[in-house]
Each structure stands twice: as structure tokens, then as C-alpha cells.
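> The following comprises the amino acid sequence and a computationally predicted model.
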Amino acid sequence: MSTTSQVIIKQATEEDIPLLLSFIKALAEYERLSHEVVATKEMLHESFFGKNSVAETIFAYYQEKPAGFAVFFHNLSTFLGRSGIYLEDIYVYPQFRNKGIGQALLIYIAKQAKVRKCGRLEWTALNWNQPAIEFYKNLGATPMEEWTTFRLTGKALETLAKNEK
């Protein structure tokens, strides 16, 4: 647990799965992607707390109310020869913005990266989300404009996986 003024950061527990799902749905609505949310409580339990868990989540509380969350996991930089942390999601409810909550979440994760001897912390932002982009730049983050993110999901992923070449 970490505390910054009125913000308290807590690691999620299994009991927080309903809260996690509600944050995921709120983020999807904000990003205009609600139609893509298929996660269930059972899926989240497996991904965050199951035998082969793959991610971590933290919550920010402001005046004891859930205000924000972040989901992250380890990746690897072959160039650095070290693991890194990839920030999958970060979201602060609109009524709690501009209170240092997003920064507190990022500081917590940055500290975890240092403790875990990670070589970097990285994430993506939607091109239209100018407030987030400016927030990240103000923290000293550098946009990696020379990189394009690619993704395989659904039928395209199934098709490639079936390929026998």
C-alpha cells in the first residue's frame, strides 16, 4: 500500500474482482470501446489470481472512495536484457481527475519497476486522447512515434494459429 496526500494506492485482491470489472467497463465506455468488453469475473479471476496469473492491478482511493485503477504486467526488452513493465490500462473516474490520482498510480508502478530492476515502463495512448498524451508528456514520457502497434484478435488470430507453415 502507498499513500500520497489524500490518495491511497492498494494492490487488488480476489475480493476486488467486481470493482476491477466495473473500472474496465468505465474505461471502455470512455474509450468508446464498450462493445469490445467480453471479460467476466471468472476470466479476471483466472488472469489476475489464478494458477497462471499474468497481470496485476492496483486501485487508487481518494477520500476512501475508489477513484482510479491501473493494470500492468511484465514484458521483456531484448535490447536492454531486462524485463520491463507494460501498463495495459490506467483510468481515473472523471470526478476524481486533477487530484494527482493518475500520477500516484504511475509513481507506484514506476517504483515497482525500479524495485524489480526493470529496464523500462511503457504504454500506449489513443491518438485522440490529447489530455492523456499531454499528461504523459508532462511526466517526462516520450511518445514512440516511429513505432506502429499491430494486433491480431478474433478470426485473424484463429486463422494465423491454424496455419501449418
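Looks like it arrived, so ask away.

> Please tell me how far the residue nearest to residue 11 when sequence neighbours are not counted sits from residue 119.
In space, residue 11 comes closest to residue 58 once its chain neighbours are excluded; the distance is 5.5 Å by CB to CB, 6 or more residues apart in numbering. In this view, the C-beta of every residue, glycine as well, is placed from N, C-alpha and C. In this view, residue 58 and residue 119 are 21 Å apart by CB to CB, to the nearest Å.

> Compare those two and say which is more crowded by neighbours.
residue 58 (22 against 15; other CB atoms under 10 Å).

> Surely that one is within a helix?
No - counting by DSSP: H, G, I helix; E, B strand; the rest coil, residue 58 is not part of a helix but strand.

> Tell me if I am right that residue 104 is in a strand.
No - for residue 104, which was evaluated using three-state DSSP, the result is helix, with no strand membership.

> Would you agree it is in contact with residue 9?
Yes - here residue 104 reaches residue 9: they are 5.9 Å apart, a contact under CB atoms under 8 Å.

> out of those two, which sits in the busier spot?
residue 104 (25 against 22).

> Check the burial of residue 13 by counting its neighbours.
Neighbours of residue 13 (other CB under 10 Å): 12.

> And residue 10, by the same measure?
Neighbour tally, residue 10, other CB under 10 Å: 16.

> just to revisit the earlier point, contacting residues around the residue nearest to residue 11?
9-12, 69-70, 105, 108-109 (CB atoms under 8 Å, 6 or more residues apart in numbering).

> List only those of those residues flagged as buried.
9-10, 12, 69-70, 105, 108-109 (16 or more other CB atoms under 10 Å).

> Which strand residues bridge the closest residue to residue 123 other than its chain neighbours?
Nearest non-adjacent residue to residue 123, counting by CB to CB, 6+ apart: residue 87, 3.7 Å away. As for beta bridges, residue 87 partners with residue 72, residue 123 under DSSP bridges.

> cool, and the one 5 residues further on?
Here residue 92 sits in beta bridges with residue 68, going by DSSP bridges.
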